[in-house]
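Asks: the following comprises the amino acid sequence and a computationally predicted model.
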Amino acid sequence: MKKKIGVLPGDGIGPEVVAEAIKVLNAVAEKYGHTFTYSYGDVGAIAIDKTGEPLPDETLDICEQSDAFLFGAIGHPKYDNDPKAKVRPEQGLLKLRKSLGLYANIRPVTAYDSLLHMSPLKTEKIKGVDIVVYRELTGGIYFGEKGRTEDGAYDHCTYSNYEIDRIAHLAFQSAQNRRKHVTLVDKANVLETSRLWRERVTEIAKEYPEVKLDAMFVDNAAMQMIQNPKQFDVILTENMFGDIISDEASVIGGSLGLLPSASVGDKTAMFEPIHGSYPQATGQNIANPLATILSAAMMLDHLGLIDEAIEVRQAVNASLRNGMVTSDLAKEQSYGTDRVGDFIVNCISDGEESCAQ
Ligand code: IPM
Ligand code: MN
């Protein structure tokens, strides 16, 4: 199979972790006889330095023409202490999402048995947790009208039926292949947009009779995520609540360095680790590449290469089981970013003997 893959390494550790994911994709291509062609583009602070824009048109073109694209991370400390900076790396990400219509952000959270001890939550609470968050990504308060008045500021939150319906369908379809349970997270006791979400999602649920739907206010959901995360299967929610609840859920996985994500639209889709650009670690070969490699596995799924995706996940599991991990996950010995990538590549290319060390 031939696929065009865009590659946006971005800032900080982005290029290092993306390089490992590309190695893994190449190993998969080789083994299964696929041809992946890569086109690289700049985004974030590095793009601002080169062109003055966080998302140059050239990069957007690359993404538009891709079947899917990998995204590393963006952000640089020089922007963090300047909330008034006119051009910011984050604008590149928001523009990508909006221009490409990447409306569904999918964030799986898995409690890996070998890492239960890494979470600040009690093992018995998190063992077996397997949640996927469907966060709406191109609407709501992030993209509503915003501005200043004489003595204040405003950010409007709006949602159309269409924006709610299309992601709701994806969440129900996912639940059908999982434990058949969708939890809608909202604030319908206060917000009109949330009341619309409830109405629409309740209607759509009728098309998926085998899936159970319940709804939960976001404040309660934030508490339940810590107290009893096993109750969740698929979480469906709007942009802002999804941003917050998915960071909270990431604590269950034990390390941010493990969490992948997909942002899916009708034309192309973006795959990125949840973690940021980790500027302090840049160039040191210590960043955990697993979240990006798992994002590449989500990309393979999205491209219909299901066996290939399973193989990548098995290799990641093998690296965790064998302690072939970077320092954020290591009990004793830790390995460099590139060594972890090499292990996974060998595990895929050479099969079982290379997966157990
Ligand atoms: C995320 C990030 C972004 C968001 C920022 C960087 C704009 O926090 O992907 O969750 O708020 O969506
Ligand atoms: Mn976030």
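Replies: In hand now; what should we look at? Numbering: from 1, shown residues only. Ligands and ions are numbered 1, 2, ... in the order given.
Asks: helix or strand for the residue most central in space within the chain, just tell me which one.
Replies: Closest residue to the average C-alpha location of the chain: residue 261 at 1.8 Å, with Cα atoms, centre = their mean. Using DSSP states H and E, residue 261 maps to strand 260-264.
Asks: pull that strand out as CSV, backbone CA atoms only.
Replies: Output of strand 260-264 as CSV, limited to C-alpha atoms (Å, rounded to 0.1, in the frame of the first residue of the first chain):
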residue,chain,number,x,y,z
PRO,A,260,-0.8,9.1,22.0
SER,A,261,-3.6,11.0,20.3
ALA,A,262,-5.4,11.4,17.0
SER,A,263,-7.1,14.4,15.6
VAL,A,264,-9.4,13.3,12.8
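Asks: count of neighbours near residue 322?
Replies: Residue 322 has 14 neighbours, counted by other Cβ atoms under 10 Å. No exception for glycine: its C-beta is placed from N, CA and C like everyone else's.
Asks: how near is it to ligand 1?
Replies: If you measure residue 322 against ligand 1 using Cβ to the nearest ligand atom, to the nearest Å, the figure is 31 Å.
Asks: from residue 216, how far out is that residue?
Replies: 39 Å (Cβ to Cβ, to the nearest Å).
Asks: also residue 167?
Replies: On the measure of Cβ to Cβ, residue 167 and residue 216 end up 17 Å apart.
Asks: compare the two (neighbour count), which wins?
Replies: In this view residue 167 and residue 216 are compared by other Cβ under 10 Å, and residue 167 has more residues nearby, 26 against 20.
Asks: list the contacts of that one.
Replies: Counting by Cβ atoms under 8 Å, 6 or more residues apart in numbering, residue 167 touches 103-104, 134, 136, 236.
Asks: turn the residues you listed into TSV, columns for neighbour count.
Replies: Shown next, in TSV, are the contacts of residue 167 (neighbours: other Cβ atoms under 10 Å):
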residue	neighbour count
103	22
104	24
134	26
136	25
236	29
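Asks: what parts of this protein come near ligand 1?
Replies: The chain comes close to ligand 1 at residues 90, 93-94, 243, as judged by Cβ under 6 Å from any ligand atom.
Asks: going through these, which ones are buried?
Replies: Neighbour-count burial (16 or more other Cβ atoms under 10 Å) is assigned, among those, to 93-94, 243.
Asks: find the closest residue to ligand 1 in the stretch 201-350 of the chain.
Replies: Using Cβ to the nearest ligand atom, the single residue of the stretch 201-350 of the chain nearest to ligand 1 is residue 243, 4.6 Å away.
Asks: looks to me like that residue is in a helix.
Replies: Yes - counting by DSSP: H, G, I helix; E, B strand; the rest coil, one finds residue 243 located in a helix.
Asks: shouldn't it be in contact with residue 135?
Replies: Yes - with contacts counted by Cβ atoms under 8 Å, residue 243 reaches residue 135, the gap being 6.9 Å.
Asks: with adjacent residues omitted, what lies nearest to residue 157?
Replies: Closest residue to residue 157 apart from its sequence neighbours, by Cβ to Cβ, 6 or more residues apart in numbering: residue 141 at 4.1 Å.
Asks: if you could redo that for residue 346, that was the one I meant.
Replies: Using Cβ to Cβ, 6+ apart, the nearest residue to residue 346 is residue 354, at 4.1 Å.
Asks: and for residue 264?
Replies: In this structure, residue 264 finds its nearest non-sequential neighbour in residue 104, 4.6 Å apart by Cβ to Cβ, 6+ apart.
Asks: quick one: residue 107 from residue 296, how far?
Replies: Taken as Cβ to Cβ, the span from residue 107 to residue 296 is 16 Å.
Asks: neighbour-wise, which of these two wins?
Replies: Neighbour totals were compared for residue 107 and residue 296, and residue 296 leads with 28 against 24 (other Cβ under 10 Å).
Asks: need the three-state assignment for the more buried one.
Replies: Classification of residue 296 using three-state DSSP returns helix.
Asks: quick one: it and residue 25 touch, right?
Replies: Yes - assessed by Cβ under 8 Å, residue 296 is found in contact with residue 25 at 5.5 Å.
Asks: neighbours around the closest residue in space to residue 142 that isn't next to it in sequence, how many?
Replies: For residue 142, ignoring the flanking residues on the chain, the nearest one in space by Cβ to Cβ, 6+ apart is residue 239 at 4.9 Å. Residues near residue 239, counting by other Cβ under 10 Å, number 22.
Asks: what do you get for residue 287?
Replies: The number of residues packed near residue 287 is 31, by other Cβ under 10 Å.
Asks: quick one: the helices in the stretch 201-350 of the chain?
Replies: 218-227, 239-253, 290-302, 306-321, 337-350 (DSSP state H, counting those that start in this stretch).
Asks: what of the stretch 51-200 of the chain?
Replies: With DSSP H, counting those that start in this stretch as the criterion, the stretch 51-200 of the chain has helices at 57-64, 77-80, 89-99, 123-126, 161-176, 192-205.
Asks: least reliable of the ones you listed by average pLDDT, please.
Replies: Note on these: lowest mean pLDDT is at helix 77-80, with a mean of 87.
Asks: roughly how far out does that helix sit from the chain middle?
Replies: Relative to the centre of its chain, helix 77-80 is centred 23 Å away, using Cα atoms, centre = their mean, to the nearest Å.
Asks: for it, buried residues please.
Replies: residue 79.
Asks: what helices or strands is it leaning on?
Replies: Contact partners of helix 77-80 among helices and strands, from 3 or more Cβ pairs under 8 Å, 6 or more residues apart in numbering; DSSP states H and E: none.
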